[in-house]
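In: Whatever this is, show me its structure:
(chains A and B)
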Amino acid sequence: MKLKSKLMTLTAAATILLSSGTVAFAETTLETVKARGHVRCQVGPPSPGYYNLDAAGNWYGLDVSICRSVAAAIFGDPTKLEIQSVSSQARFTALANGDSDLLSRTATWTMSRDTQLGIDFLQPNFYDGQGFTVRKDSGITSALQLKGAKVCVTSGTTTELNLTDFSRQNSLSISNVTFDDYNVRDDTYLNGGCDAVTGDKSSMAGNIASFPTPADHMILPETLSKEPLAPAVRHGDNQWADIVRWTVYALINAEELGVTQANVDDMLANSKNPNILRMLGAEGNLHEGLGLEKSWAYNIIKAEGNYGEIYEKYMGGGEQGIGIDRAGSLNALWTDGGLMYAPPMR
Amino acid sequence: MAIITKEKSPDRPAPLSETTPLGWLRINLFSSTFNTGLTLIMLFIVYLTISGVFAWGYLDATFVADKRRECYDNSLTGACWAGVIAWLDNIFYGRYPRDELWRVNLGGVLLVLWMAPLWMSRVKAKVLVGASVIIFYPFLAGYIFTGGDKSWFMQFMVSGAILAFIINMLNMLSGLIENTSFAKFLFKLSGQVEASDKTQRNLLYGVLFAAFIVIFAIQSSWTVTEVSWTKWGGLFLTLVISGIGIASSLPLGIVLALGRRSKLPVVRVLSTGFIEIFRSVPLITVLFMATTMFPLFMPEGFFLNKLVQGIISVVLFNACYMAEIVRAGLQAIPKGQFEGSHTIGLGYWGTMGLVIMPQALKHMIPNIVGNIIGLLKDTTLVSIIGLFDILGMLRSISKDIPWLGLHKEPLVFGAILFFIICFSMSKYSRHLESKLSAGNKR
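Out: Numbers count the residues shown, from 1 in each chain, chains lettered A, B, ... in the order given. Model (predicted):
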């Protein structure tokens, strides 16, 4: 009898513990973020174009803009944000264990990552692809001419595997010269240690711009791989995923509709286009499903501008940009033949 | 006809080869054809190196520019120091708000002032000075660096720290001017030199208490704005981590070493196990474990920030190495010392604290300083868990758009900084050694 009552007490205690555990889990990411007062957004160690530190110690870049947009959508203030810089080995764990609310860094959306790591990738904000850089005076104009060439590559990434695949597929017998640090890789290439460099085309464009004589080098037309770079969130909280997904869609739609950081106030007051009015919250109640303020999309554009503006600033020819041409690339709007296409906001 | 004179004949001058630089050169560098050849070859290599470095680092270098392209326009082969100069604030202070940098400087100046009496032979009560640094300084510095609202405990400790600092400074002055401790000076001022111990003690405590009340009242209205630890970085962060690492790994190491030599089996096994486990894994693994795996084991909502995780890892890791150094030092003490101190009636702690440790620590200094220098350099590993310590900042320069690809100059600059810090530490340890081993000189 005594034993039984003891068991009962134990069970009750366990139940209470477990149920309190469930209560803690039931709290949504949005509630947690609102209670904390800022978004924890994960980026990586500085990477040109996507996330960099400037001399004054501020973060800037395409992916940082996505972080700031999410903060603006939730709080109306892009600075309510903690940028976490996490090494690439720990990035998915740091998202899955709740350290980060959101991952906005150059993480390629692949099937295994999406289905096996407990995370969900959302709308890509940049489409990248692997390519080759060569010296113009080498006379090489196509990657298929790289027979027996020495190619510099950074180790431990898909880049290295893609290179091996490409070499096997076309029986080029390319020999890999691997490096840990891409600065050393580029120095070796510049000093004649290898015939070509391979890497993501976006980052190589930036690197070429930093060479002593950029005009002597060029990127070959071939693209070895598909690299859709997308923000990711923890699996299972659909409302939070919606918020991040529609933040990116709002940026793309704003560009398509011609709403910019400069004219957003004017558009809100004077526009006759119902699509714009619905997006900016003057009409309808699109915000309700997200659990945000009516002005969420307005706040995003007011803070960061539309996708085109952000691209120009950090990936294009802006002062802090790495100078990649957008026209004709995958990152152009769908109306210009690119892949940037967002579902309608209605 | 006396051949022997009373006066000593004058010394003949030393041969020219001993006194003139030319003679020295001849003996040491050009003594044979072979040596002459070697010397010339070495001179040529030295000339090549130095002239190359000099041309790169100074003659062709650019010191003023807004971006790397301007450096290239100036010279394609020279160094571009302008990028390092533009990033100096980041390198030294990390992302600390630029208006608040004085706080970091103040913290550094306070530490130097606080520790200065330890180097002055005329100042008394050095043990108290040392203890006050370890007990109070972390709270004061912690508040100055972090800011924000103070809890009651913090208010208490900050007041205590300010009081301790002021007393310390007064003690230093009375030591330098009157060659006496502050307490003695106080008694002299108040004419209580001849009074009983009790009166003197009451007077001292009364003064301290009154000063504490005044300081407490003043500091309660003093606040500085909050700066999140995520903004700490650069050399500042490196020094914070290694400072805490150094200050806590030595005491912890002593405890572990004593534990390992203990006669109590549980204590011995636990200490040995702890030391062996942490020594058998690389620091980088400990850091990764602390930052990525540790949160998974903790209950929901429990949050320890990365900085604290990093510091704890560094401390635990280095405590194990310290423990082994201390154990080696203890083993060097002859058994007679233990037996001798037991004979005069000292217990375990008395034996250790008064007889064994003071002798053992002296032997350990070269190893301890070696380990401390290693620790300072090891802390650069925290840049891989996302803390922007000095190495993290130096590497980030090459990713900033205006300075894209600028990676050699920052690393050279970092190497120079590290050399200055580590070399002065090793110099100081040599000084400490010669000072402490004065009794052993023959």
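
In: Walking through the stretch 151-300 of chain B, point out its strands one by one.
Out: Ranges of strands in the stretch 151-300 of chain B, per DSSP state E, counting those that start in this stretch: none exist.

In: residues in it within reach of chain A, list them.
Out: Proximity of the stretch 151-300 of chain B to chain A is assessed by CB under 8 Å from any CB of the partner chain, with B:S228, B:T230, B:K231, B:G233, B:F288, B:T291, B:T292, B:M293, B:P295, B:L296, B:E300 identified as the residues in range. In short, each C-beta sits where N, CA and C put it, glycine included.

In: Go again with 6 Å.
Out: Residues of the stretch 151-300 of chain B found near chain A (CB under 6 Å from any CB of the partner chain) are B:T230, B:T292, B:P295, B:L296, B:E300.

In: Drop anything exposed from the residues you listed.
Out: Neighbour counting with 16 or more other CB atoms under 10 Å in any protein chain shown marks B:T230, B:T292, B:P295 as buried within those.

In: how close does the second one sit to B:C71?
Out: Between B:T292 and B:C71 the distance, using CB to CB, to the nearest Å, works out to 39 Å.

In: same question, the first one
Out: Spatial separation of B:T230 from B:C71 under the definition CB to CB is 32 Å.

In: what's near enough to touch the residue nearest to B:F413 when sequence neighbours are not counted?
Out: Computed as CB to CB, 6 or more residues apart in numbering or on different chains, the closest residue to B:F413 that is not its neighbour in sequence is B:V84, at 5.0 Å. Contact analysis of B:V84 by CB atoms under 6 Å, 6 or more residues apart in numbering or on different chains lists B:E409, B:P410, B:F413.

In: any idea which element B:V84 lies in?
Out: Per DSSP states H and E: B:V84 is located in helix B:81-86.

In: before we move on, what about B:F145?
Out: Secondary structure assigned from DSSP H and E places B:F145 in helix B:126-146.

In: Please name every helix or strand in contact with that helix.
Out: Secondary structure elements in contact with helix B:126-146, counted by 3 or more CB pairs under 6 Å, 6 or more residues apart in numbering or on different chains; DSSP states H and E, are helix B:101-115, helix B:152-178.

In: Report the rounded mean pLDDT for the longest one.
Out: Model confidence over helix B:152-178 averages 89 on the pLDDT scale.

In: and what of the first one?
Out: Along helix B:101-115, the predicted confidence averages to a pLDDT of 93.

In: what does stretch B:132-141 give?
Out: Mean pLDDT, computed over stretch B:132-141, is 90.

In: cool, stretch B:272-282 as well?
Out: 92.

In: Could I get the buried residue list for it?
Out: Applying a neighbour-count criterion of 16+ other CB under 10 Å, the buried positions in stretch B:272-282 are B:T272, B:F274, B:I275, B:F278.

In: ok so, going back, how close does the residue nearest to B:F413 sit to B:F423?
Out: The span separating B:V84 from B:F423 equals 21 Å under the rule CB to CB.

In: Next, work out how far apart the one residue in the stretch 1-150 of chain B that gets nearest to chain A and B:L394 are.
Out: Here the residue of the stretch 1-150 of chain B nearest chain A is B:R95; by CB to the nearest CB that distance is 3.5 Å. Counting by CB to CB, the separation of B:R95 from B:L394 is 14 Å.

In: quick one, which of the two is more surrounded?
Out: A count of neighbours by other CB atoms under 10 Å in any protein chain shown puts B:L394 above the other of B:R95 and B:L394, at 27 against 23.

In: Is the one helix or strand that one maps to in proximity to chain A?
Out: The secondary structure element spanning B:L394 is helix B:390-396 (assigned by DSSP H and E). Yes. For helix B:390-396 and chain A, the contact criterion (CB under 6 Å from any CB) is met by B:S396.

In: Give me the buried positions along the next helix-or-strand element following that helix.
Out: Proceeding N to C from helix B:390-396, the next assigned helix or strand is helix B:408-436, under DSSP H and E. Going by neighbour count (16+ other CB under 10 Å), the buried part of helix B:408-436 is B:E409, B:P410, B:L411, B:V412, B:F413, B:G414, B:L417, B:F418, B:I421, B:C422, B:S429.

In: Include distance to B:T39 and pLDDT when you put these into a markdown table, please.
Out: Listed next are the buried residues of helix B:408-436 as a markdown table, based on distance: CB to CB, whole Å; pLDDT from 0 to 100:
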| residue | distance to B:T39 | pLDDT |
| --- | --- | --- |
| B:E409 | 33 | 94 |
| B:P410 | 36 | 95 |
| B:L411 | 33 | 94 |
| B:V412 | 29 | 95 |
| B:F413 | 33 | 96 |
| B:G414 | 34 | 95 |
| B:L417 | 34 | 95 |
| B:F418 | 32 | 95 |
| B:I421 | 34 | 93 |
| B:C422 | 31 | 93 |
| B:S429 | 34 | 85 |
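
In: Now distance to B:E18 too, for these, in TSV please.
Out: Output for the buried residues of helix B:408-436, formatted as TSV (distance: CB to CB, whole Å):
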residue	distance to B:E18
B:E409	46
B:P410	48
B:L411	45
B:V412	41
B:F413	43
B:G414	44
B:L417	42
B:F418	40
B:I421	40
B:C422	37
B:S429	35
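
In: Domain ranges for chain A, per the record?
Out: A:30-127+A:228-336, A:130-225 (automatic domain parsing).

In: Can you give me the neighbour number for the residue in the stretch 201-346 of chain A positioned nearest to chain B?
Out: Closest contact between the stretch 201-346 of chain A and chain B, by CB to the nearest CB, is at A:S210 (3.4 Å). Burial of A:S210, expressed as a neighbour count using other CB under 10 Å, amounts to 23.
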